[in-house]
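A.B. asks: Just a sequence and a predicted model for now, questions to come.
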Amino acid sequence: MKRFLISTSIAALTCGSITPAFAANSADGESTIDRVLDVITVTARKKKDAENVQSVPVAVTAFNADTIEALQVRDIEGLSYSAPNVSLDDIGTSKGVANFSIRGLGINSSIPSIDPTVGVFVDGVYIGLNNGLIQDTFDLSSIEVLRGPQGLLFGRNTTGGAVLINTGNPTAEFEAKVRVAHEAPVDSGRGSGSTFLQAYVSGPLVEDRLNGRLSAYYNKDKGYFKDLVFGDNRGGGETTLIRGSLEFLPSESLRILAKIEHVNVDADGPVSQNRGVYERGTFDFSNDNQGLFDNKSTLASLRADLDVAFGDGTISNIFGYRDFQQQTSGDIDALPAFIFHSDSDLRQEQVSNELRYAGRFGNVDLTTGFFYFKQDIAYTEIRHLPPVTPLSFYGGGAQDHTVWGVFAQADIDVTEKLTATLGLRHSSEEKDANISYTIPRAAACSVVDATCPDDVTDKNDWSNFTPKLGLQYRFSDTLQAYASYTKGFRSGGYNFRITNPVAFLEQVAATGSFAFDEESVDAYELGVKYRSADGGLTLNAAVFHTKVDDMQREVNFASATSGVSQFILNTADTDITGLELEASVRLASNFLVTGNLGLIDAAYQDVRSDISGDGVTDAADLALEIPRVPDVTYGVGFIWDMDMGKAGMLTLRSNIQYKDRFAYSDNNLGWISSATMLDAALAWQTPLENVKLALYGKNLLDESVVGGETQLPFGGPLSTGVAQPFAANPQGGTFSTLKRGRVLGLELIVGF
């Protein structure tokens, strides 16, 4: 009954959840709502200057620094319930592995050779690996979530969309901020809380010439979950992040910005529930292997912007470098018995450079550029399955990956109100891979250390053109409509997790290639954006139709010989149609309601692989649900400012967002349950200048949500602490990675 009332209330109010959220109140008395309704600028079109989010013909939800701070966002996943048809999920197999999905295009795998459908860019630098993307975030200037293919300006692997993360820049005036928070479960039987400490200082080092910024972050997590059998806390760890940046202004026309950050994470492995033993919808679990996640990464960028007279434009060059190292151990059987444990070792190093120009010639805005990207990946996986064999499984893969791209987009003002967009990108990609089967071996070996045999050695390349056509019509300064067509590509590649060599070689014989092929997308979109002159009413709507050819899927099957057998296949062609609405309305000077709605209808049109696992490819495969596509997402939020005069200002905010259940596995045996997320906060801007205090709650309905649900060949009732494996339990179980339930937090922010 509670869920029915909540859902009915949401549907009656308007359309959905929080759009641009809110910020803490400023010391000058400006209200939270005024700050929310202020103009938000975005860099989604790579123009010379950032643009008003309402003026761009792109479906984008943007969060500025104040919004991110006020929402108590700890990582990108915290925005997963803030926009329609967007899931920014962590798979949970190992901490920080992004399985993002936008508009029904996503992945469900921790295999590091899998390229994303949603590209992530940090300060303009593309991150080429899903691992390590969901880290604790802090000191950000903005996050932009772009929905729909972004291949023209952002390249491959953005068929679902792109997430642009911009960290804080040095300032010409001195400023500093300290932020302390503590979060804890409030339910008996749970573990302990987390303490966060963040600080930055920014200002001029040499007046008018050199500005600097130094940021630091520390999180001590004592483990939210409590193991039912062993009684200890799980899911904890320590995270340290340090970031430094310098802005050099040698002349009025040249700006050079350098940033470098180092992250160190020492944490537990996944907290996993086996639903062959423990009830779905609970936080009950027991793992005999606490696991580990050790991560060290360094990310550096160097950006130069030169204003030139040619077209009154700007030449920009963005160089990026990333070094990433990760070791993990996880309890894959998700039971208090040693049946299936897995370890891994991952190394990645990448270099990228983008050189582009943006300027205007008469009635034409031109953006053009050149992109280069290279990364080396090496991955070792170790599986321990003592009921199957006393030998450990060793295997993995190494890969050299190179991408070249050149692009141009012209926005042509046909009339004062009508603009046409013409764009084209050519990209060329090469992957050179060495793969070791993940099989029982008498002697330990490491792909990372190059001591495993190369069972597969292969090289492949792909090249293609990405076009874009668009029209934008501005009815007035407050209302615009747009239409677009674009094509996008998701890279082909190799499977680093081959646990069934016989089936793999049969697949190779059938396709004629060791590699799976690239996935292509044709996307059509119509959109309308309206914002009243006073900002009191905003309504954005978009409808889209996406045709996917050669859809890539990471097909998982429970295996009695390897625990889980995983294949990467071009399984099908699909059609995806959807609707998105985002709205905000100021009902009073101190009361704002926001909302969003996302609807998706997705279906296979042609299936070419046995994704059901019944041994044949037939109508049963065609009738399956496409993974990671919730049919409905919706919710509402509100902000209420209360001026208390000399006592300061209180701001109460709350938002509730619903996400429909969706298939996780291609054979539809694994599902992610529907979830209704309720968050709330009460923030007090104290009479003391730049001192803010907030009490907040997350997931207040205590929803039990998992990052994935992989089918296992074992589970069954526990008897004297020992699970029944394999044939003794034909129904099997699951490896379902738990996310946190209800949390209350207290936060103090002091600015200088």
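C.D. replies: Looks like it arrived, so ask away. In this text, all values refer to a predicted model and were calculated from it rather than measured experimentally.
A.B. asks: Show me what the nearest residue to residue 626 once chain neighbours are set aside is bridged to.
C.D. replies: Nearest non-adjacent residue to residue 626, counting by C-beta to C-beta, 6 or more residues apart in numbering: residue 602, 4.8 Å away. Just so you know, the C-beta spots here come from the backbone N, C-alpha and C atoms, and that holds for glycine as well. Beta-bridge pairing of residue 602 under DSSP bridges involves residue 576.
A.B. asks: Repeat that for residue 350.
C.D. replies: In this structure, residue 350 bridges to residue 322, residue 375 when assessed by DSSP bridges.
A.B. asks: buried sites along the one helix or strand residue 69 maps to?
C.D. replies: Element membership for residue 69, per DSSP states H and E: helix 65-70. Using 16 or more other C-beta atoms under 10 Å as the test for burial, helix 65-70 gives 66, 67, 68, 69, 70.
A.B. asks: Repeat that for stretch 629-648.
C.D. replies: By 16+ other C-beta under 10 Å, the buried positions in stretch 629-648 come out as 629-641, 648.
A.B. asks: With distance to residue 698, pLDDT and secondary structure as new columns, can the residues you listed be given to me in TSV?
C.D. replies: Below are the buried residues of stretch 629-648 laid out as TSV (distance: C-beta to C-beta, whole Å; pLDDT from 0 to 100; DSSP: H, G, I helix; E, B strand; the rest coil):
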residue	distance to residue 698	pLDDT	secondary structure
629	25	93	coil
630	20	94	coil
631	25	95	coil
632	22	95	strand
633	18	94	strand
634	19	94	strand
635	14	91	strand
636	17	94	strand
637	14	93	strand
638	17	94	strand
639	17	93	strand
640	19	95	strand
641	22	94	strand
648	24	93	coil
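A.B. asks: Kindly reformat these as TSV and extend each row with distance to residue 551.
C.D. replies: Shown next, in TSV, are those (distance: C-beta to C-beta, whole Å):
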residue	distance to residue 551
629	12
630	17
631	18
632	22
633	21
634	26
635	29
636	33
637	34
638	39
639	40
640	45
641	47
648	54
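A.B. asks: Helices of the stretch 451-600 of the chain, residue ranges please.
C.D. replies: Secondary structure of the stretch 451-600 of the chain (DSSP state H, counting those that start in this stretch): helices located at 501-511.
A.B. asks: ok, now the chain?
C.D. replies: With helices called from DSSP state H, the chain shows them at 2-13, 32-36, 65-70, 151-154, 501-511, 619-622.
A.B. asks: if we can go back for a sec, for the residue nearest to residue 626, which residues are in contact?
C.D. replies: Each residue near residue 602 by C-beta atoms under 8 Å, 6 or more residues apart in numbering is listed here: 104, 574, 575, 576, 577, 625, 626, 629.
A.B. asks: Repeat that for residue 377.
C.D. replies: For residue 377, the contact set (C-beta under 8 Å, 6+ apart) comprises 112, 113, 129, 346, 347, 348, 397, 398, 399, 401.
A.B. asks: so where's this protein uncertain?
C.D. replies: For the chain, the stretches with pLDDT under 70 are 1-29, 715-731.
A.B. asks: if I look at the closest residue to residue 434 other than its chain neighbours, how far off is residue 704?
C.D. replies: Nearest non-adjacent residue to residue 434, counting by C-beta to C-beta, 6+ apart: residue 454, 4.5 Å away. According to C-beta to C-beta, to the nearest Å, residue 454 stands 43 Å off from residue 704.
A.B. asks: Between these two, tell me which one has more neighbours.
C.D. replies: A direct count of neighbours by other C-beta atoms under 10 Å for residue 454 and residue 704 places residue 704 higher, at 19 against 14.
A.B. asks: Buried residues, stretch 549-568. List them.
C.D. replies: Residues 549-559, 562-568 are the ones in stretch 549-568 that count as buried (16+ other C-beta under 10 Å).
A.B. asks: Cheers, nothing more for now.
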